[in-house]
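Q: Sharing a model that was predicted from the sequence below.
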Amino acid sequence: MKTTIRKCCTLLLCLSLMMALGATAYGTYLPGVTAEMSSPAYWSEKQDGADEVLMSMDEIAAQNARNIAASGTEMHDLKNQPETFDGIAQRENLARSGQSDAEYYLGWTYDRQGNKVDESFYEKMIQNMQDPDASEEQPVKYAVAVNRTTLHSFPSNEPILDDPADPDFDYQHQTGVRVNEPLVIFGRSADGAFYLVRSVCCPGWVPAEDIAICKDKEEWLQAWDFAPENTLVVWGAYTTASSNFAPQISRRLLTQGTVLECVELEDRNELVNNRAAYNSYVVWMPVRNEDGSYARSLCLIAESAQVSRGYLPLTKTSLARVAFSLLGDMYGWGGMLMADDCSGYIRNVYKCFGLELARNTGWQAAMPVYYQDLTGMSVEKKTAVIRKLPLGATLFMKGHEMMYLGCVDDKLYVVNSSSSIMNPDVDGKRQRSRTVMINTLDVKRTNGNTWLADLTGANVPYCPADGQPVKLPEMQDVSADSWYYDAVQWALLNDVTGGTAEDTFSPDQNCTRAQMVTFLWRASGMPEPSAAENPFTDVTEKDYCYKAVQWAVEKQITSGTSETTFSPEDFCTRGQSVTFLHRFGQMPVPEALPNPFRDVAEDAYYYNAVQWAVQADITNGTSEDTFSPEEHCTRAQIVTLLYRNQNQNQIS
């Protein structure tokens with residue numbers, strides 16, 4: 001009995017130690033992450049309307065067209081590529097671009113033997129880019145991928161390494177290509193081992209052995225452009241069964257986002273590759289003939305696989321489920337190692353719903369969807385903005401992106417495919433993460449900054465640019481037809497101000513000087529003031545307006561009502577409000593037009609501010625010939641001034 005008790009105590013002690021170190025019986029986690037957070041339901045249940053369909057298939061198709069057509073996404077409308085192109089001009093362009101790429105890599109890259117490479121290493125690759133069949137009227141060809149592969153920077157299998165001891169990070173790879181993904185061919189390498197292709201999101205060189213060339217465009221379209229109801233989508237990952245009978249479809253890796261055409265058997269007892277199809281989906285699998293041409297073969301996909309008949313309905317519940325299906329999977333730069341990097345991971349998740357995203361962080365940020373610029377914002381402001389975003393939003397920083405999950409205990413959580421972080425337990429030590437993981441935005445980059453501090457933007461891939469993915473509180477005292485409605489919505493969305501209660505905004509309540517500068521400070525991103533001295537005796541560090549007042553003094557937006565007082569509780573006048581905005585905008589000079597207001601004297605401190613504000617359509621007078629500069633401003637008036645000023649690009 002005593003032995004049993006000792007064993008139980010030892011087990012409990014071990015479990016306690018494991019949990020203290022961030023490990024549980026279920027896995028290892030970063031600080032702040034618990035085992036229960038690995039459940040997609042943990043996050044989707046925190047969302048309003050978790051099972052609400054966010055985009056219909058028609059809306060998704062329309063968004064795909066907008067993404068492809070938008071400048072800066074570098075996406076390709078594969079169906080409407082020109083039938084011919086100037087192969088001679090392309091060959092010359094490839095020589096120049098190849099040389100430019102080589103110059104970028106020279107000096108810091110290594111070969112597979114660990115030797116620092118020289119010009120000759122890249123010269124061989126550049127020479128291999130020259131299509132021997134190039135002509136001025138060269139026809140395009142059409143192909144689909146038969147294996148999970150990648151697009152390469154050069155037509156070569158030679159790795160381009162930045163660390164000779166790290167063969168798992170190879171700059172040769174550009175992006176992953178899924179089985180049955182369509183490609184348009186624009187040439188081949190000199191040795192015939194690679195084809196120059198475009199996928200929907202990226203150009204590059206693909207190994208010839210990984211694709212099958214269709215006889216014409218019609219056959220190509222038939223291979224992948226089928227009706228949604230005939231679609232089978234792999235939303236996790238799946239490997240087809242081994243088969244000696246049908247080696248052409250044996251052990252085929254189908255990664256997340258792979259799309260295949262379903263087939264209905266007329267006879268349920270019909271054998272498919274020597275097997276009955278019971279409890280399986282029957283699909284067409286692309287195969288490559290010996291001459292490189294396209295063919296297709298029936299294949300069975302187990303009913304138990306992480307697949308869906310038709311694209312998944314785009315809901316927050318489904319987004320979390322799909323994103324979490326690869327937790328702990330390998331990180332693969334540019335799609336190498338049969339895995340995906342940060343942007344490839346996000347692309348694949350959304351592909352399961354039919355959405356086509358751009359290739360990398362910069363190109364995805366250019367998509368015409370709802371976007372929030374985070375540059376210049378303080379950590380506090382970024383936190384406030386991100387907390388309003390829905391599950392599935394993409395957060396960007398230079399060189400990395402992640403999917404937002406939600407906020408727990410004032411910490412912001414994301415899921416992402418990560419290459420490296422700073423070790424959370426050892427200061428100054430780089431940690432090679434290389435995994436799909438959940439973490440808070442408190443995690444540090446190798447530059448020492450937190451992810452939160454380095455965020456530059458956020459978008460919501462399922463919300464068009466003119467849409468609103470953030471659910472705002474309904475204010476009972478702000479009607480949709482009120483003149484200040486849009487301004488109040490903007491202020492609530494951007495955390496310029498909240499309501500005075502859960503469902504009231506109090507638009508007619510007078511606004512104080514403290515509130516005015518605080519609103520302006522928040523609209524400007526809540527920048528951290530640098531001055532240590534506080535000149536005002538009536539503003540203390542415990543006051544909500546303290547940092548805003550410090551910032552306003554630094555920016556020479558205000559100098560107070562005296563040398564030692566700010567008068568934070570005094571009501572802000574119309575003259576003061578436009579003066580604050582004018583000074584914030586670095587006092588633009590108004591046009592020399594006649595003064596329309598008899599109550600605005602030319603020697604008044606607010607004279608130029610009033611003229612500028614009226615000319616810029618930020619405000620009007622209270623009558624044809626009066627401005628009423630000493631009249632108090634209401635909350636509705638102040639947020640409207642800020643909103644109009646923002647629309648004049650005075651506030652980012």
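A: Received, thanks.
Q: use CA for all of it now, contacts and neighbours both
A: Noted.
Q: S100: what secondary structure?
A: Of the three states, S100 takes helix according to DSSP: H, G, I helix; E, B strand; the rest coil.
Q: And for the residue nearest to M55 when sequence neighbours are not counted, the neighbour number?
A: Distances taken as CA to CA, 6 or more residues apart in numbering place L314 nearest to M55, at 6.2 Å, with adjacent residues excluded. Other residues lying near L314 total 22 when counted by other CA atoms under 10 Å.
Q: wait, L314 sits on F353?
A: Yes. Counting by CA atoms under 8 Å, F353 is a contact partner of L314 at 5.8 Å.
Q: The closest residue to R309 other than its chain neighbours: helix or strand, and which one exactly?
A: Nearest residue to R309, sequence neighbours excluded (CA to CA, 6+ apart): L232, at 4.7 Å. Following DSSP states H and E, one finds L232 within strand 231-234.
Q: can you check E218 too?
A: Per DSSP H and E: helix 217-224 holds E218.
Q: Could you list the residues in contact with that helix?
A: Helix 217-224 is touched from outside by 141-144, 180-182, 214, 259-261, 286, with contacts defined as CA atoms under 8 Å, 6 or more residues apart in numbering.
Q: Which ones among those map onto strands?
A: Counted as lying in strands by DSSP state E, out of the contacts of helix 217-224, are 141-144, 182, 259-261, 286.
Q: Neighbouring strands - and their directions - for the strand holding L232?
A: strand 259-262 (antiparallel), strand 307-309 (antiparallel) (DSSP bridges).
Q: For my notes, please list these in CSV and give mean pLDDT for each entry.
A: Shown next, in CSV, are the strands paired with strand 231-234 (pLDDT from 0 to 100):
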stretch, mean pLDDT
strand 259-262, 98
strand 307-309, 96
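Q: Go through those strands and pick out the most buried.
A: strand 259-262 (a mean of 26; mean count of other CA atoms under 10 Å).
Q: From the chain's centroid, how far away is that strand?
A: In terms of CA atoms, centre = their mean, to the nearest Å, the centre of strand 259-262 is set 27 Å apart from its chain centre.
Q: what comes into contact with it?
A: Under CA under 8 Å, 6+ apart, the answer for strand 259-262 is 179-181, 224, 226, 230-234, 281-285.
Q: please redo it, this time with the cut-off set to 7 Å
A: Identification of contacts with strand 259-262 by CA atoms under 7 Å, 6 or more residues apart in numbering yields 180, 226, 230-234, 282-284.
Q: contacting residues for the residue nearest to K116 when sequence neighbours are not counted?
A: Leaving out its chain neighbours, the residue that sits closest to K116 by CA to CA, 6+ apart is Y110, at 4.3 Å. Shown in contact with Y110 (CA under 7 Å, 6+ apart): 116-117, 160-164.
Q: With P159 as the reference, measure out to Y110.
A: 8 Å (CA to CA, to the nearest Å).
Q: try E92
A: Taken as CA to CA, the span from E92 to P159 is 24 Å.
Q: same question, G87
A: 27 Å.
Q: cool, N360 as well?
A: From N360 to P159 the distance is 21 Å (CA to CA).
Q: These two: which has the busier surroundings?
A: N360 (24 against 20).
Q: Now that one. Nearest residue, chain neighbours left out?
A: With CA to CA, 6+ apart, the residue lying closest to N360 is S343, at 5.3 Å.
Q: do T619 as well
A: Distances taken as CA to CA, 6+ apart put A613 closest to T619, at 5.9 Å, once the chain neighbours are dropped.
Q: Helix, strand, or coil at R296?
A: Under three-state DSSP, R296 comes out as strand.
Q: Leaving out chain neighbours, which residue sits closest to the residue nearest in space to the middle of the chain?
A: Nearest residue to the geometric centre of the chain (CA atoms, centre = their mean): T394, 3.1 Å. For T394, ignoring the flanking residues on the chain, the nearest one in space by CA to CA, 6+ apart is M403 at 4.7 Å.
Q: and that neighbour, that one's in a helix?
A: No. M403: not assigned to a helix; according to three-state DSSP it is strand.
Q: Hmm, D51 and T317 touching each other?
A: Yes. At 5.9 Å, T317 counts as touching D51 under the criterion of CA atoms under 7 Å.
Q: higher neighbour count, those two?
A: T317 (23 against 15).
Q: So for the more buried one, what's the pLDDT?
A: For T317, the pLDDT comes out at 98.
Q: A613 now?
A: 88.
Q: I figured it hits F627, correct?
A: No. Between A613 and F627 there is no contact under CA under 7 Å: 11.1 Å.
Q: Centre of the chain to stretch 529-543, how far?
A: Counting by CA atoms, centre = their mean, stretch 529-543 comes out at 38 Å from the chain centroid.
Q: Contacts for that stretch next, please.
A: In contact with stretch 529-543 (CA under 7 Å, 6+ apart) are residues 546-547, 550-551, 564-567.
Q: Quick check: of these, which lies closest to C511?
A: Proximity of these to C511 was ranked by CA to CA; the top entry is S567 with 12.7 Å.
Q: gap between that closest one and T512?
A: In terms of CA to CA, S567 sits 9 Å off from T512.
Q: Overlap of the contact sets of those two?
A: With CA under 7 Å, 6+ apart, S567 and T512 have no common neighbours.
Q: Check which helix or strand the residue nearest to M55 maps to.
A: Using DSSP H and E, no helix or strand contains L314.
Q: give me every residue that touches it.
A: 53-55, 353.
Q: Show me what the residue nearest to R309 bridges to in the sheet.
A: L260, R309.
Q: No more questions from me, cheers.
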